[in-house]
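Student: structure here, sequence nowhere to be found:
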């Protein structure tokens, strides 16, 4: 299975979010072609649960599959990677720059325990889809007792 990687930072608190909005509105009034974007790349995620599976969809358009990583434990998933800038060099001037680039990571607790050995990931049209098989909660494990 190929792995894919994504990195995130903490979100701003409510006060910082208000300050960012005020600054954005001020600059937009002076020059409508200018807007401040968030400083943290944070792809959108959907988690969908069925009776036997958990589906995780991550919206990461513009990220090369080789720059993605997925790590799965019994009840946690972490997606990380890097979105590289489309335009590099100094031959032009950005008039509007809202697309976020750089490293990102997202880790969260799953709604039910899963079997990491039975996970499947695909990446199509900018969406990473991770399909996880749930482990039954009432599953009983037996272990051998050896003389000690």
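Tutor: Great, that's in hand. This one's a predicted model, so the numbers in the text were calculated from it and none came from an experiment. Numbers count the residues shown, from 1 in each chain.
Student: what segments of this structure are strands?
Tutor: With strands called from DSSP state E, the chain shows them at 45-49, 53-59, 68-72, 76-83, 102-109, 120-124, 127-133.
Student: so which of those strands is nearest residue 144?
Tutor: Nearest to residue 144 among these is strand 127-133; the distance by Cβ to Cβ comes to 26.0 Å. Glycine gets a C-beta too; all of them are placed from N, C-alpha and C.
Student: can you list the helices and strands that that closest one packs against?
Tutor: strand 53-59, strand 68-72, strand 76-83, strand 120-124 (3 or more Cβ pairs under 8 Å, 6 or more residues apart in numbering; DSSP states H and E).
Student: so which of those strands is nearest residue 47?
Tutor: The minimum distance between residue 47 and the helices and strands packed on strand 127-133 falls on strand 53-59, with 5.4 Å, by Cβ to Cβ.
Student: so what secondary structure elements neighbour that closest one?
Tutor: Applying 3+ Cβ pairs under 8 Å, 6+ apart, one finds that strand 53-59 contacts strand 45-49, strand 76-83, strand 127-133.
Student: returning to that earlier point: export the strands of the chain as a markdown table, with columns for mean pLDDT.
Tutor: Putting these into a markdown table (pLDDT from 0 to 100) gives the following:
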| stretch | mean pLDDT |
| --- | --- |
| strand 45-49 | 96 |
| strand 53-59 | 97 |
| strand 68-72 | 94 |
| strand 76-83 | 94 |
| strand 102-109 | 93 |
| strand 120-124 | 95 |
| strand 127-133 | 96 |
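Student: rebuild those as CSV, extending it with mean neighbour count and distance to residue 95.
Tutor: What follows is the strands of the chain, written out as CSV (neighbours: other Cβ atoms under 10 Å; distance: least, Cβ to Cβ, whole Å):
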stretch, mean neighbour count, distance to residue 95
strand 45-49, 13, 31
strand 53-59, 18, 25
strand 68-72, 20, 30
strand 76-83, 21, 20
strand 102-109, 16, 21
strand 120-124, 14, 31
strand 127-133, 18, 29
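Student: nearest to residue 141, out of these?
Tutor: Per Cβ to Cβ, nearest to residue 141 of the strands of the chain: strand 127-133, 16.7 Å.
Student: what angle sits between that closest one and strand 120-124?
Tutor: 160 degrees (axes from the mean of the first three to the mean of the last three Cα atoms, to 10 degrees).
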